[in-house]
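In: The sequence isn't on hand, but the structure is:
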């Protein structure tokens, strides 16, 4: 793709400018803040200006674009508010005036290398002589989803009736290894396996109606999804709701060959962010009516002004990155990939009992989420502060980790999108990965770099076992397809 050369040249030039600025900045300077924000604004506009493969550019609603929206909210929204005078430079989210420019520059460099990785990945379709494709029945997975849904709803209902729902970090940690948590993980894994197979089958058989998709995934499966989402709303959990609804929406649009415009995407993100913020603010308050909870959420949102008030709760994750910059390496050495080693080990089913004996058993070293919570609140914390992709990469490898990690993430996004949206051939493995990237794209910026990897690997394991028993070859006239 020769037309990418100009885009990459511009991005490399910006990276060099940012590298110079990061060595020149000393303390806080509003004029320099304005310069960096101007560069950032241009970076976010590049995907809509750059020439690209028509088939991929027509999909505005895809992982790459949604991830950019989430990355902007988490790592840039507060800085635009600061420059416009909507918040003070002493706001707790910045974690000290001296970190403002440094943090912004690192986020901007991460965004630049993400775009370089994305646009430097070209698509070269292989020549293949395929005489058959493989079709997979989904009936068994539909039954598994029904059983897992009953288990999840039963366990959640049991806690609701007994009054055991508690949102302290201590209670969440205690339940992390329980059957309720494992059943929720199993539900997500079965859901993505069923969703990916349904999309694959529809594309393979050239079925492009909503009715066809519903027949593949099953009406009862969609009802199970509804029960699962309602259960999560009642108990105040949010992350899996986002993952499921976004991936399901894309699957429907993809099968039906429909497109969603940027305007509708932005409006949808704003509305969705408001609902998720509402749940996050009010879930700690039990025994309140919906009207009282609404007033509480409105009063909290009015405390801070912003260019996008509905996404303030998501933008608050910037504090995790700034807290990491403030603490490491001044008060603690870098973690040198130990969090990511744990992430990789967690992809092995039932490995937690063994890994707990090998790695440091102190809670703060379990993941970047725990470590950042320890940094901000100390040993006696009452809730989790979470993490963010830049914080996770920085804690593990320093500033270079953000630059290199985001570069490879850009390659992954591009490779996956090309394989699903552009390639003439069908790959179930890429469809699975695409659906996970789609579901996690909006909130990925506030999670660890490898946070979804155990779900992805468990889904691949389930599908590997499932395919060996429920695969059926279809003889097709596909010889000579490129």
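Out: Received it, and whenever you're ready, just let me know what you need. For clarity, every value in this text was computed on a predicted model and none was experimentally measured.
In: Over to residue 135. Which of the three states is it?
Out: Under DSSP: H, G, I helix; E, B strand; the rest coil, residue 135 falls in the strand class.
In: Also the one 10 residues further on?
Out: The assignment at residue 145 comes out as helix when based on three-state DSSP.
In: contacting residues around it?
Out: Counting by CB atoms under 8 Å, 6 or more residues apart in numbering, residue 145 makes contact with 187, 190-191, 194, 218, 221, 224. The C-beta positions use only the backbone N, C-alpha and C, and glycine is treated the same way.
In: burial count for residue 11?
Out: Using other CB atoms under 10 Å, residue 11 has 24 neighbouring residues.
In: Was I right to think residue 363 contacts residue 377?
Out: No - the criterion here is CB atoms under 8 Å, and residue 363 misses it with residue 377 at 11.9 Å.
In: hang on, the earlier thing: just flag the most distant two among the contacts of residue 145.
Out: 187 and 218 (14.7 Å; CB to CB).
In: can you list the weak-confidence ranges in the protein?
Out: 1-3, 123-133, 156-181, 236-237, 276, 278-304, 350-356, 471-482 (pLDDT under 70).
In: quick one, helices of the stretch 151-300 of the chain?
Out: Assigned by DSSP state H, counting those that start in this stretch, the helices in the stretch 151-300 of the chain fall at 169-175, 179-204, 210-217, 219-235, 239-255, 262-282, 290-302.
In: Specify the stretch among the ones you listed that is closest to residue 140.
Out: It is, among the helices of the stretch 151-300 of the chain and with distance given as CB to CB, helix 179-204, at 9.7 Å.
In: any idea of the angle the closest one forms with helix 210-217?
Out: Orientation check (axes from the mean of the first three to the mean of the last three CA atoms, to 10 degrees): helix 179-204 against helix 210-217 gives 130 degrees.
In: all numbers from here: first residue = 35
Out: Okay, using 35 as the starting number, the last item reads as helix 213-238.
In: and helix 213-238, what other elements does it pack with?
Out: On a contact count with 3 or more CB pairs under 8 Å, 6 or more residues apart in numbering; DSSP states H and E, helix 213-238 meets strand 166-170, helix 173-196, helix 244-251, helix 253-269, helix 273-289, helix 462-474, helix 487-504.
In: Export the ones you listed as CSV, with columns for distance to residue 128.
Out: Below are the helices and strands packed on helix 213-238 laid out as CSV (distance: least, CB to CB, whole Å):
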stretch, distance to residue 128
strand 166-170, 50
helix 173-196, 38
helix 244-251, 45
helix 253-269, 32
helix 273-289, 25
helix 462-474, 27
helix 487-504, 31
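In: Residue 391: which of those is closest?
Out: Closest to residue 391 of the helices and strands packed on helix 213-238, according to CB to CB: helix 487-504, at 18.9 Å.
In: how distant is that closest one from the center of its chain?
Out: 21 Å (CA atoms, centre = their mean, to the nearest Å).
In: which parts of it are buried?
Out: By neighbour count on 16 or more other CB atoms under 10 Å, the buried set for helix 487-504 is 487-494, 496-497, 500, 504.
In: Mind picking the one among the residues you listed that's closest to residue 272?
Out: Of all these, residue 489 has the smallest distance to residue 272: 16.1 Å, by CB to CB.
In: That concludes my questions; thank you for your assistance.
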